[in-house]
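Undergrad: Here's my sequence, what's the structure:
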Amino acid sequence: MSEPAISISGLALAILLPWLAGISGALLLIPKGIPGRIPVVAGMGYFLGAWFSTLAIRGVDALGIPLSFAMVATVLAGFGLVLVLALALFAVDRTPRQVQHSTPEDSVSITGKLLIALLFLLMGWRYFTILGIVIEQPLFGWDAMMNWAPKAVVWFHQGELTEFVNPSTWLQHGNAAEPYTLGNPPASEYPEMVPLIFLWHMLGAGTWDHPLLQLPWLLAGLSTGLALYGFLRMRRVPTLLSAGACYLLLSLPFLNIHAVIAGYADLWLASAFSIGAIALHLREQQPAPGVTLIVLLMALICIQLKNPGIILGLILLLGTIRQWLKLSWKTESVIILAGAGLVAYCVIMGVRVEVPGLGLVNVGTAGFQLGRFVVYDFQFHPEVTTPVLRSLYSMGNWNLLWYLVTAGILWRLRNAIHWRRPGTLGLILTGIFVFYFVVFFVSSYHYHAITYITLNRAILYVIPALLFWVFTFCTPEEVRDS
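TA: Numbers count the residues shown, from 1 in each chain. As a prediction, this is how the structure comes out:
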């Protein structure tokens, strides 16, 4: 059976056009003269560009114009041109003096250069083999075909962003031309950024069914590695260690899986959230308007990717507010304890309120609801411990990553005598793992951990930021400054 016809040039343009627009935007946000700027711009630019393409599609559809690759590409190219002009007009050297007069660039020995070359060769070979998997087109991931890809396929054939509603609402419409629905009841109301990304590449390729439509997911993995490498260099982590962190990320089997299953939102969410969390850390070290805007943009992207992204986006916004307020650690501690006490009170006494724009907030001993996010059955489930430990330390999903993380935590505890106010990134990672504990050990979602349905996908969201934390905070200051 022959493969569907595809426009290779159209698909290439669908990949490159938003990427170039995203790179232009990233160049505006990141000052010149900082080590690692180029890989960060290239990596982060891919995700900014993907978001720009979804905005262009929404804009064309809102004007009532039938969706076509030429029309959407024109809008996107126009926006990219505006960014290029802005870059030409405002691209002055905004590098902070502390960076301009810092220590010289990291010098790498011949042996170090050979090791770096070997690492990048291994990463290149790994993703070349992943490309082979993409071309062979294995079966599409069930979750993508159940929840995400169908929207893009329908929009591709309809030439417009046809409305999707939940099944009960759909049954009230007798006309088949009315809104569509999906077999999974909540899926029709999922955020639409991932289907829009898929749709954009379908429009470029001229088909909805071809293995090369999985390429954006492969490039998302590579772009995340580029961004991680660049961010580590920005923090003066030596080139060899930065390349090692990039290799560790891109060699993770679970990340590689998500690089070849088109339609899933998890890899995009992990990338956007981690870029935002790392940018928060950089903003804490050296405040800059561009870095602040990166955090806010990534929070906005997280919210548009997936329902858990709403929580992750809010966490990024809370981190930004924390840095703006600049409260003392004692004041923050009081606020955190007061917040924990308020949550405990709400659980015991019960609270039910409708919040505009968010939906129903319902907290009680029976469960918890925040808009579309619902957790039931508050009860400790110790049987979750074994599958969690097995997934982290025994199975092949994460290689030896969690042994490295454990060693990093012990390293930090060893230096606890030099304890100081915790940084925003550390608080974010700690808070997320506390949240994971509540979700998988105390709620009805414990089933998802025991059966590994969502456990590893949830962990994936923090992996790039966690690797940044390990390599930044476990690299001695004298090494980072040398």
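Undergrad: Contacts only, for the residue nearest to residue 188 when sequence neighbours are not counted.
TA: Leaving aside its chain neighbours, residue 188 sits nearest to residue 164 (4.0 Å; criterion: CB to CB, 6 or more residues apart in numbering). Bear in mind the C-beta positions are built from the backbone N, C-alpha and C, glycine included. The contact partners of residue 164, taken as CB atoms under 8 Å, 6 or more residues apart in numbering, are 151, 154, 179, 180, 181, 182, 188, 189.
Undergrad: Hmm, residue 162 and the second one touching each other?
TA: Yes - using CB atoms under 8 Å as the test, residue 154 is close enough to residue 162 to be in contact (5.7 Å).
Undergrad: circling back: quickly list what the residue nearest to residue 188 is bridged to.
TA: Residue 164 has these beta-bridge partners by DSSP bridges: residue 180.
Undergrad: hmm, back to that, give me the buried entries from the contacts of residue 164.
TA: Among the contacts of residue 164, the ones that count as buried by 16 or more other CB atoms under 10 Å are 151, 154, 180, 181, 182, 188.
Undergrad: got the residues you listed as a markdown table, with distance to residue 170 and pLDDT columns?
TA: Listed next are those as a markdown table, based on distance: CB to CB, whole Å; pLDDT from 0 to 100:
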| residue | distance to residue 170 | pLDDT |
| --- | --- | --- |
| 151 | 14 | 93 |
| 154 | 13 | 93 |
| 180 | 7 | 88 |
| 181 | 4 | 87 |
| 182 | 9 | 87 |
| 188 | 8 | 87 |
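Undergrad: Just the CA atoms of stretch 65-85, as PDB, please.
TA: Taking C-alpha atoms only, stretch 65-85 is exported to PDB below (Å, rounded to 0.1, in the frame of the first residue of the first chain):
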ATOM      1  CA  ILE A  65     -11.300  33.000   6.100                       C
ATOM      2  CA  PRO A  66     -11.000  29.300   5.200                       C
ATOM      3  CA  LEU A  67      -7.900  27.700   6.600                       C
ATOM      4  CA  SER A  68      -5.200  27.200   4.000                       C
ATOM      5  CA  PHE A  69      -1.500  26.900   4.300                       C
ATOM      6  CA  ALA A  70      -0.800  29.900   2.000                       C
ATOM      7  CA  MET A  71      -3.100  32.200   4.100                       C
ATOM      8  CA  VAL A  72      -1.800  31.100   7.500                       C
ATOM      9  CA  ALA A  73       1.800  31.200   6.300                       C
ATOM     10  CA  THR A  74       1.300  34.700   5.000                       C
ATOM     11  CA  VAL A  75       0.100  35.900   8.400                       C
ATOM     12  CA  LEU A  76       2.900  34.100  10.200                       C
ATOM     13  CA  ALA A  77       5.500  35.500   7.800                       C
ATOM     14  CA  GLY A  78       4.100  39.000   8.300                       C
ATOM     15  CA  PHE A  79       4.400  38.500  12.100                       C
ATOM     16  CA  GLY A  80       8.000  37.200  11.700                       C
ATOM     17  CA  LEU A  81       8.900  40.200   9.500                       C
ATOM     18  CA  VAL A  82       7.600  42.500  12.300                       C
ATOM     19  CA  LEU A  83       9.900  40.700  14.800                       C
ATOM     20  CA  VAL A  84      12.900  40.900  12.400                       C
ATOM     21  CA  LEU A  85      12.300  44.700  12.000                       C
END
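Undergrad: how far does it sit from the chain's center?
TA: 25 Å (CA atoms, centre = their mean, to the nearest Å).
Undergrad: Report the buried residues of that stretch.
TA: Neighbour count says stretch 65-85 has 67, 69, 71, 72, 73, 75, 76, 77, 79, 80, 83, 84 buried, by 16+ other CB under 10 Å.
Undergrad: was I right about the fourth one contacting residue 202?
TA: No - using CB under 8 Å as the test, residue 72 is too far from residue 202 to be in contact (11.2 Å).
Undergrad: sorry, back to before: farthest pair within the contacts of residue 164?
TA: Spatial extent of the contacts of residue 164 (CB to CB) is set by the pair 154 and 189 at 15.1 Å.
Undergrad: so where is the stretch 201-350 of the chain shaky, pLDDT-wise?
TA: Within the stretch 201-350 of the chain, not a single segment meets pLDDT under 70.
Undergrad: If you could redo that for the stretch 351-482 of the chain, that was the one I meant.
TA: Within the stretch 351-482 of the chain, the set of residues satisfying pLDDT under 70 comprises 357-358, 365-366, 370-377, 415-421, 476-482.
Undergrad: contacting residues for residue 160?
TA: Residue 160 makes contacts with 61, 66, 67, as judged by CB under 8 Å, 6+ apart.
Undergrad: Tell me if residue 396 really is in a strand.
TA: No - Residue 396 sits outside any strand when classified using DSSP: H, G, I helix; E, B strand; the rest coil, being coil.
Undergrad: Which residue, other than its chain neighbours, is closest to it?
TA: residue 253 (5.5 Å).
Undergrad: starting at the chain centroid, how far to stretch 437-445?
TA: Here the centre of stretch 437-445 is set off from its chain's centre by 22 Å, with CA atoms, centre = their mean.
Undergrad: In the stretch 351-482 of the chain, mark out all the strands, start to finish.
TA: 351-355, 359-364, 367-370, 373-376 (DSSP state E, counting those that start in this stretch).
Undergrad: Quick one: these as TSV, columns for mean neighbour count and distance to residue 300 too.
TA: Shown next, in TSV, are the strands of the stretch 351-482 of the chain (neighbours: other CB atoms under 10 Å; distance: least, CB to CB, whole Å):
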stretch	mean neighbour count	distance to residue 300
strand 351-355	10	19
strand 359-364	16	19
strand 367-370	18	18
strand 373-376	14	18
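Undergrad: What about residue 378, how many residues nearby?
TA: Here the count is done by other CB atoms under 10 Å, and residue 378 has 16 residues near it.
Undergrad: now do residue 169
TA: If we define neighbours as other CB under 10 Å, then residue 169 has 15 of them.
Undergrad: Kindly format the C-alpha coordinates of the host helix or strand of it as PDB.
TA: Using DSSP states H and E, residue 169 maps to helix 167-171. Written as PDB, here are the backbone C-alpha positions of helix 167-171 (Å, rounded to 0.1, in the frame of the first residue of the first chain):
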ATOM      1  CA  PRO A 167     -20.900  14.000  24.200                       C
ATOM      2  CA  SER A 168     -24.000  15.000  26.300                       C
ATOM      3  CA  THR A 169     -24.100  18.400  24.500                       C
ATOM      4  CA  TRP A 170     -23.400  16.800  21.100                       C
ATOM      5  CA  LEU A 171     -26.400  14.500  21.600                       C
END
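Undergrad: I'd like the next helix or strand past that helix.
TA: helix 193-205.
Undergrad: Buried ones in whichever helix or strand comes after that following helix, by neighbour count?
TA: Next along the chain after helix 193-205, taking DSSP H and E as the criterion, comes helix 215-234. For helix 215-234, the neighbour count (16+ other CB under 10 Å) marks 215-234 as buried.
Undergrad: With stretch 159-178 instead?
TA: 161, 164, 165, 166, 170.
Undergrad: re earlier: shared neighbours, residue 154 and residue 162?
TA: What both residue 154 and residue 162 touch, as defined by CB under 8 Å, 6+ apart, is the set residue 180.
Undergrad: Now do the same contact list for the nearest residue to residue 285 once chain neighbours are set aside.
TA: Spatially, and ignoring its direct neighbours in sequence, residue 285 is nearest to residue 235 (7.5 Å; CB to CB, 6+ apart). Residue 235 makes contacts with 281, 282, 285, 472, 480, as judged by CB under 8 Å, 6+ apart.
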